[in-house]
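Novice: Here is my input; please provide its structure:
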Amino acid sequence: MNADLPKVVNDRAAPTLDWRVMLPVFLSVSLFAAGATAVLPILPFYLREMGGTPLVFGIVIATEALTQFVAGPLVGQLSDRMGRKKILLATQAAAFTSFLLLAIAEVVVPVVLARILFGFTGGTFTAAAAYAADHSSPANRRQAIGVLNAAVGLGGIAGAGLSGYLSGISLTVPIYAAMGFSATSFVVTAAWIKGSHAPSDVFDEKVKSRDASDTSSFRSIVRSPLIRVLVIVLLCYFFAYGMYGSQIANYLQATFTSDGSSFGPRELGYVMAADGGINIIVQLFLLRWLGRHFTERLLIVLICGIVAVGYITVGFATTLPVVVFAILCVSVGDALARPTFISALSVHAPRERQGIVLGTAQSLLAATEAVSPLLAGFLIGQALYGVWTGAIIAFVAIAATIAWTKLPLTDPEAEGHANE
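Specialist: I've put the predicted structure just below:
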């Protein structure tokens, strides 16, 4: 019997997570995120040294996202069939290899290949989220996903902060640090996370039976009208965030100076480290409180409002405090958004299909990330900063409007708390 398979959980049990189960995956995800965020602050400047433009950077990010789009449902389905641990090990090995290729790159093409390979590692969070879903009930699902997002935040602090410091030595040194984080993550997963055996025959037959009547992973995720609405809102929200996140470094470098210095890899590294700290605070303290008092509908609208304030502010920022406030708003909103959307989808997915549903959601997100950096890169490259900001705000407004008008007043998690 596979120890990594979904367990029968009493949905009305007290919403307390088992940290003996969650701590290993928390550490694994933290280390993986540290490696990923150690590379991100230097990547646009690394490409610029090779002659890359903001549009080239957008193409690199879009190519990575396209890989995630293709790989997401496959990785999720494999985690359902083979167990979460095997998929985590495979994606972490791919991350290490991609960092190695990136470190030895001297022209743009190997960088593209490295990021294509890294695109397959998007399945890391999918498998980890499915693992968290396996070991939680609908009543504490958002908390379980929030723990993983806090792990991402902790890794972001370590990786991005270290990258900001090491980039002063060389833009290549943070990449070697990422390799170290990735290798350690692999060791933690191999040594500590349980569940290395193949799925049981009973579970495999349930999956095969469902697969026979549901041959399309995309059809499985949009079968429910509620999930269809959630997917549309999710796509609009993350398209906006993709336009922002992929080009904020290039935008600030072109428009903002502080003490006579332009925005560079050190500053971006420190911003990402602060973002990781905000992520942890939100996941550990704010998210659970909001979950008690807000339905998913109200919480999603609140999230859209918070990030909209940040997007509007960054478009007019001329001083450092204003830039910090704008980034703070976006960071808080995004820290709330990811566990909220993932939890909402997970609660409505069959327990034995968590991997493929979450993997397909990741794939849909990757589709937005494949297009949004290209559009954003073109607008920033043409110095159309107002259009860039306006487009971001428009997509967030669409997400908030659909959520407010189409999502129900109550949700399963709220009902779970009421029944306790």
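
Novice: can you pull the contacts of residue 168?
Specialist: residue 266 (Cβ atoms under 8 Å, 6 or more residues apart in numbering). All C-beta spots, glycine's among them, are computed from the backbone N, C-alpha and C.

Novice: for the stretch 1-150 of the chain, which spans come out with low pLDDT?
Specialist: 1-17, 72 (pLDDT under 70).

Novice: just the helices in it please.
Specialist: Here the stretch 1-150 of the chain has its helices, by DSSP state H, counting those that start in this stretch, at 19-39, 43-49, 54-82, 84-103, 108-119, 123-134, 141-166.

Novice: cool, the stretch 201-350 of the chain as well?
Specialist: In the stretch 201-350 of the chain, helices defined by DSSP H, counting those that start in this stretch lie at 201-213, 217-221, 225-255, 265-281, 287-293, 296-316, 320-347, listed in chain order.

Novice: what about the fifth one, average pLDDT?
Specialist: Mean pLDDT, computed over helix 287-293, is 79.

Novice: so what pLDDT did the residue nearest the centre of the chain get?
Specialist: Per Cα atoms, centre = their mean, the C-alpha nearest to the average position across the chain is that of residue 338, at 6.7 Å. The score at residue 338 is 81. That number is its pLDDT.

Novice: ok, back up a step: mean neighbour count and distance to residue 304 added to the helices of the stretch 1-150 of the chain, as CSV?
Specialist: Shown next, in CSV, are the helices of the stretch 1-150 of the chain (neighbours: other Cβ atoms under 10 Å; distance: least, Cβ to Cβ, whole Å):
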stretch, mean neighbour count, distance to residue 304
helix 19-39, 23, 25
helix 43-49, 20, 27
helix 54-82, 23, 22
helix 84-103, 22, 30
helix 108-119, 19, 27
helix 123-134, 28, 22
helix 141-166, 25, 17
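
Novice: Out of these, flag the one nearest residue 377.
Specialist: Residue 377 lies closest, by Cβ to Cβ, to one member of the helices of the stretch 1-150 of the chain: helix 54-82, at 2.6 Å.

Novice: Just list what the closest one packs against, helices and strands only.
Specialist: helix 43-49, helix 84-103, helix 108-119, helix 123-134, helix 201-213, helix 217-221, helix 225-255, helix 354-381 (3 or more Cβ pairs under 8 Å, 6 or more residues apart in numbering; DSSP states H and E).

Novice: packing partners for the longest one?
Specialist: Under the contact criterion of 3+ Cβ pairs under 8 Å, 6+ apart, the helices and strands touching helix 225-255 comprise helix 43-49, helix 54-82, helix 296-316, helix 320-347, helix 354-381, helix 385-406.

Novice: repeat for the last one
Specialist: Packing contacts for helix 354-381, counted by 3+ Cβ pairs under 8 Å, 6+ apart, involve helix 54-82, helix 123-134, helix 217-221, helix 225-255, helix 320-347, helix 385-406.

Novice: What of the fourth one?
Specialist: Packing partners of helix 123-134 (3+ Cβ pairs under 8 Å, 6+ apart): helix 19-39, helix 54-82, helix 84-103, helix 141-166, helix 320-347, helix 354-381.

Novice: Arrange the ones you listed in JSON lines, one row each, with distance to residue 394 as further columns.
Specialist: What follows is the helices and strands packed on helix 123-134, written out as JSON lines (distance: least, Cβ to Cβ, whole Å):
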{"stretch": "helix 19-39", "distance to residue 394": "29"}
{"stretch": "helix 54-82", "distance to residue 394": "19"}
{"stretch": "helix 84-103", "distance to residue 394": "34"}
{"stretch": "helix 141-166", "distance to residue 394": "26"}
{"stretch": "helix 320-347", "distance to residue 394": "16"}
{"stretch": "helix 354-381", "distance to residue 394": "12"}
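
Novice: for these, which one sits closest to residue 266?
Specialist: Residue 266 lies closest to helix 141-166 among the helices and strands packed on helix 123-134, at 4.8 Å (Cβ to Cβ).
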